[in-house]
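**Q** sequence and computational prediction follow.
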Amino acid sequence: MSFNVKDVVPDWGGFEEFVKEIHEGHDVVVERDVTLIGQSGAPRQIDVHVTHTKGPYEYSTLIECKHWKNKVKRQQIENMYASMDDLNASKGVIFTTSGFQSGAETYSKAKNIDIYVIRDLKPEEWGMPGRDIEFYVQIFSKSIVSIDCHDTMIAKPEGVDTHYNNELSLCFGAKDHVLHDIKSIEPKTGQLQTISVPNNQIVSSHKKKGFTLEEYLESAATHGQSSVTNNAFLINNGEECTRYLSVTVNMPFKEKGELLKVISKGQLIYIPKITMEVGIKVHQFKFRHDRGSNLLYALAVEDCIGNNSFSISKEKNKSEVHWQKISKESNTTTSLVNGSILKVTTNGFFDASEMNGLKEVDLNIDSRESKCT
């Protein structure tokens, strides 16, 4: 596969064959190196001749191919115009790999002759960051390794004669809350009443971050994970690997002015502080993609009169050539930079037992530009 002009069209014969190929289609007849007799009786050699018939009408397009080192001069445009007039052609077109002098462009515009330059596609015309896309992917997942509640206190509702339950059972990821009955004194009547509440429901102002203790701890674990994912780094020079990190998340409720209050199994639990170890798993690999991997070639056709550009490409195992206008609209969004890091965070938790027995080592990391998802 080739993606530069000198490989696709190495000589003048290859250039003519290439121009012929990019004009072929179901509704046209395309011929290369033909000699036509003009109204003057003089023979005229045409590099590529395109004929299009529609009902009783026939349209003739003359194409000249200039595989030159120097720019095309006005004289060649004048010669094309003379051929058009003598052969009564509908259109005249000149393709080159070297460009046109200013006088040639002026005369072409005056005589309605199209002139094009075949050139390599620019990186932005492939779509940024160019033909080759290469970046690193890091997939982050979290787990709660340990939870330590400091100086926890338990209280029972007034007037309720039940045993204290000093176990705090946690259930992460449950879709439905488990309800428990709790007895309390109704302030106005003084009567003992029973209400049903979810287990581990938070009743202090901390419920803004989580309705239950499990939801709060999940939020805190995500915060701990963010302390890692917010920093862009590459592990071991970008090799494919899986690494585990440990982050300590402190929740000093007492220092912030209010203890965490949780209703659990019919009793009220006061928690001054929680220390939680969050495990972070990072799976890293390199992503590579060649936008031209399925193509035989891809080049640009630049319209020197209409100020437009087109990409022309041909897929492997296909006969037709695909034309597409290249947009000139400026892209204001930030495009991907080759060598940057795409970070993906997953929901839920991985099994904390994966970190059992791991030894602490220093990571070989370097900073990179990142794109977070």
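**A** Arrived safely, thanks for sending. Numbering: from 1, shown residues only.
**Q** and Q45, bridged to which residues?
**A** Assessed by DSSP bridges, Q45 has beta-bridge partners T35.
**Q** from the contact counts, what lies against the helix or strand hosting K6?
**A** Element membership for K6 (DSSP states H and E) is helix 5-8. In terms of contacts (3 or more C-beta pairs under 8 Å, 6 or more residues apart in numbering; DSSP states H and E), helix 5-8 is packed against strand 295-303. Using the backbone N, CA and C atoms, a C-beta is placed for each residue, glycine as well.
**Q** if we use 10 Å, what do you get?
**A** Under the contact definition 3 or more C-beta pairs under 10 Å, 6 or more residues apart in numbering; DSSP states H and E, helix 5-8 sits against helix 12-23, strand 114-119, strand 295-303.
**Q** mean confidence score for the shortest one?
**A** In this model, strand 114-119 has a mean pLDDT of 97.
**Q** buried residues, the helix or strand following it. List them.
**A** Counting by DSSP H and E, the next helix or strand C-terminal to strand 114-119 is helix 123-126. Using 16 or more other C-beta atoms under 10 Å as the burial criterion, the residues of helix 123-126 that qualify are E125, W126.
**Q** residues making contact with helix 123-126?
**A** For helix 123-126, contacts defined as C-beta atoms under 10 Å, 6 or more residues apart in numbering pick out 3, 119, 129-133, 291-292, 298, 300, 309-311, 324, 326-327, 330-331, 335, 338.
**Q** just stretch 283-292 next, same as before
**A** Counting by C-beta under 10 Å, 6+ apart, 1-3, 121, 126-127, 130-141, 233-236, 238-243, 298, 313, 338-339, 341-342, 344, 346 sit against stretch 283-292.
**Q** just to revisit the earlier point, quick one, which of the contacts of helix 123-126 are buried?
**A** 3, 119, 129-131, 133, 291-292, 298, 300, 309-311, 326.
**Q** tabulate the residues you listed in TSV, adding columns for distance to W12 and secondary structure.
**A** Below are those laid out as TSV (distance: C-beta to C-beta, whole Å; DSSP: H, G, I helix; E, B strand; the rest coil):
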residue	distance to W12	secondary structure
F3	21	coil
R119	17	strand
P129	35	coil
G130	30	coil
R131	27	coil
I133	35	strand
R291	29	coil
G292	25	coil
A298	22	strand
A300	20	strand
S309	23	strand
F310	22	strand
S311	23	strand
I326	26	coil
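**Q** nearest to E214, of those residues?
**A** I133 (40.7 Å; C-beta to C-beta).
**Q** so that closest one bridges to which residues?
**A** H289.
**Q** pLDDT score for it?
**A** pLDDT recorded at I133 is 95.
**Q** same question, the one 5 residues further on
**A** On pLDDT, Q138 comes in at 96.
**Q** just give the number of residues close to it.
**A** 23 (other C-beta atoms under 10 Å).
**Q** host element of it?
**A** Using DSSP H and E, Q138 sits in strand 132-150.
**Q** what about the helix or strand where K286 lies, distance to the chain center?
**A** Here K286, judged by DSSP H and E, is contained in strand 273-290. Its chain's C-alpha centre and that of strand 273-290 lie 20 Å apart, by C-alpha atoms, centre = their mean, to the nearest Å.
**Q** neighbours of the residue lying closest to V117 once chain neighbours are set aside, just the number please.
**A** Leaving aside its sequence neighbours, V117 sits nearest to E302 (C-beta to C-beta, 6 or more residues apart in numbering; 4.6 Å). By other C-beta under 10 Å, the residues close to E302 number 16.
**Q** how near is E302 to T106?
**A** According to C-beta to C-beta, to the nearest Å, E302 stands 17 Å off from T106.
**Q** equivalent analysis for Y164, please.
**A** For Y164 relative to T106 (C-beta to C-beta), the value is 97 Å.
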